[in-house]
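S.K.: Sharing a model prediction with you, sequence too.
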Amino acid sequence: MKEIFEQLKNGKNIQLTGAEKSVVRFSVAEFIDAHPKMHEIQMEDEIVPAPKTVRPIRSPYHYSFSYFMKATAFALIMVVSLGGSLTFASERALPGDALYSFKVNVRERAEHLLAFSSEKRALVAQTHIKTRLVEIDALKREKSLDEKNASAVTEALLENTADLKIALNELKDAGDHTTTSTLVGTIVPELEAHLATSEETSAQIEAPDPGSEENRAEDTSTPEQPALMKTSIVPEETAGTSEGAPATSSEIEPATDEKEESVRVALSAETILSGALQSAQEVILTDTQKDETAQ
């Protein structure tokens, strides 16, 4: 809050440039030409008519400062009005939970907007990326990782990665290569570890099941059973009933289809995660390795 008031105080020292003053002067002259009655007003200096093609230009400080103040005010209003209880309740929200949207789009956005330096914004973005990785682990642990939840967590992950990249570029432009290298060296290994885990899980899902019918049909090493073992006697009480009869294909197919769908969903979710983790790692490392090589 103290930094906000300091920036407001410094705003008093902002002055128009010579070009901006000329535009203002020309705009006033053009307005007077459009209103003849205003010519009766006596002015000290002779007014130079402005070309009709000249249009007023806003100060370059207008958009950035206006956006900054609006975004900051919105973040403060949301945090204060909703209170700390809702913020605390959303702390452990996962994709699919009712408060996850509030957690990502309101609470974390407020944290990002209230970071007033490049280093603080980078640290906030790094924290949010680590939060996404924790959420991925929790979804896997609770076996609730499906395509929808994977898409939600990866969308937030890529947005946090973009925030981090912007802050890293600002730090590099300011010549703070030490902080940049430290941040990259901290978050990239964690992304690599989760990417390796996701790829390993995908490989396990794609691996054939040793107990599947195809593998049993291909396995010819099993010795033939004795003739006595091939015959079986059905008890009289079960003869003619469905209890002693083998399962029909119609009873097997639903279970098989359900298993195949489960495998498909799990593989699709892991593919989404792998793609997002790979993209996040590439975005962060873009230009960073080039800078280190140049140094």
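M.R.: Received the coordinates, thanks. Computed from a predicted structure; not experimentally measured.
S.K.: OK, contacts around the residue nearest to Ile272 when sequence neighbours are not counted?
M.R.: Ranked by C-beta to C-beta, 6 or more residues apart in numbering and with sequence neighbours excluded, the top spatial neighbour of Ile272 is Ala150, at 4.2 Å. C-betas here are computed from N, CA, C, even on glycine. With contact taken as C-beta atoms under 8 Å, 6 or more residues apart in numbering, Ala150 is in contact with 95, 139, 268-270, 272-273.
S.K.: Please give the element, helix or strand, for Ala150.
M.R.: Counting by DSSP states H and E, the element that carries Ala150 is helix 147-173.
S.K.: and the contacts of Ala150, which of them are in helices?
M.R.: 139, 268-270, 272-273 (DSSP state H).
S.K.: Out of those residues, flag the one nearest to Lys259.
M.R.: Taking C-beta to C-beta as the measure, Lys259 lies nearest Ser268 of those, at 15.0 Å.
S.K.: Neighbours of the closest one, how many?
M.R.: When neighbours are counted by other C-beta atoms under 10 Å, Ser268 registers 16.
S.K.: now it: how far from Ala138?
M.R.: Remark: distance between Ser268 and Ala138 (C-beta to C-beta, to the nearest Å) = 19 Å.
S.K.: cool, Ile272 as well?
M.R.: 16 Å.
S.K.: Looking only at neighbour counts, state which of those two leads.
M.R.: Neighbour count, other C-beta under 10 Å: between Ile272 and Ala138, Ile272 has more, with 21 against 15.
S.K.: isn't the more buried one right next to Thr154, touching?
M.R.: Yes. In this structure, Ile272 is within contact of Thr154 by C-beta atoms under 8 Å, at 5.7 Å.
S.K.: Tell me where the protein has helices.
M.R.: So, for the chain - with DSSP H - the helices run 2-10, 18-34, 60-89, 100-102, 108-113, 118-141, 147-173, 177-206, 213-218, 227-230, 249-285, 288-294.
S.K.: Check those for me: which has the lowest mean pLDDT.
M.R.: Of all those, mean pLDDT reaches its minimum on helix 227-230 (a mean of 44).
S.K.: Neighbours of Thr189, how many?
M.R.: No, residue 189 isn't Thr; it's Pro. Neighbourhood size, Pro189 [other C-beta under 10 Å]: 11.
S.K.: Next: Lys21.
M.R.: Around Lys21 there are 11 other residues, counting by other C-beta under 10 Å.
S.K.: Over to Phe31?
M.R.: Neighbour tally, Phe31, other C-beta under 10 Å: 11.
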